[in-house]
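[1] when you get a sec, could you give me coordinates for this:
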Amino acid sequence: MIYLLNYSDDEQTVTCHADDLKKLCDNSTVSAGDCITLAPWDFSILYADKPTA
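    Numbers count the residues shown, from 1 in each chain. Down below sits the predicted model:
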């Protein structure tokens with residue numbers, strides 16, 4: 001699991017560096033190179049749908 005937390009009054013953008021992750025809030029897929037935007041004081045939780053070795 002990856003926790004992204006924005007402890008700021010400004011919107012932040014993070015680039016994902018892993019493939020085949022899902023957002024816990026809506027089950028959407030996130031791939032390497034995708035940008036995730038976090039609103040001020042927002043968070044996002046990503047998880048791997050399949051176990052990795």
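
[2] from now on I want contacts and neighbour counts done on CA atoms only, so please keep to that.
    Noted.

[3] can you tell me the closest non-neighbouring residue to residue 45?
    Using C-alpha to C-alpha, 6 or more residues apart in numbering and skipping the chain neighbours, the partner closest in space to residue 45 is residue 3 (4.7 Å).

[4] mind checking which helix or strand the one you found is in?
    strand 2-5 (DSSP states H and E).

[5] same thing with residue 22?
    strand 21-23.

[6] beyond that strand, next helix or strand please.
    strand 29-30.

[7] picking that back up, what lines up beside the strand holding residue 3 in the sheet?
    strand 43-48 (antiparallel) (DSSP bridges).

[8] what's next to stretch 21-39, contact-wise?
    5-6, 10-20, 44-49 (C-alpha atoms under 8 Å, 6 or more residues apart in numbering).

[9] buried set for that stretch?
    21-23, 29-30, 37-39 (16 or more other C-alpha atoms under 10 Å).

[10] straight-line length of it, end to end?
    End-to-end distance for stretch 21-39, by C-alpha to C-alpha, to the nearest Å: 20 Å.

[11] tell me the buried residues in stretch 2-14?
    So, applying 16+ other C-alpha under 10 Å, buried residues of stretch 2-14: 6, 12.

[12] using PDB, write out every CA atom in that stretch.
    Only the C-alpha atoms of stretch 2-14 are listed here, as PDB (Å, rounded to 0.1, in the frame of the first residue of the first chain):
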ATOM      1  CA  ILE A   2       1.100   3.500  -0.800                       C
ATOM      2  CA  TYR A   3      -0.200   6.500   1.100                       C
ATOM      3  CA  LEU A   4      -0.100   9.900  -0.500                       C
ATOM      4  CA  LEU A   5      -0.800  12.800   1.800                       C
ATOM      5  CA  ASN A   6      -0.900  16.400   0.900                       C
ATOM      6  CA  TYR A   7      -0.300  18.500   4.100                       C
ATOM      7  CA  SER A   8      -0.400  21.800   2.400                       C
ATOM      8  CA  ASP A   9      -2.800  24.600   1.300                       C
ATOM      9  CA  ASP A  10      -1.700  24.000  -2.400                       C
ATOM     10  CA  GLU A  11      -2.700  21.400  -4.900                       C
ATOM     11  CA  GLN A  12       0.100  18.900  -5.500                       C
ATOM     12  CA  THR A  13       0.800  16.500  -8.300                       C
ATOM     13  CA  VAL A  14       2.700  13.200  -8.000                       C
END
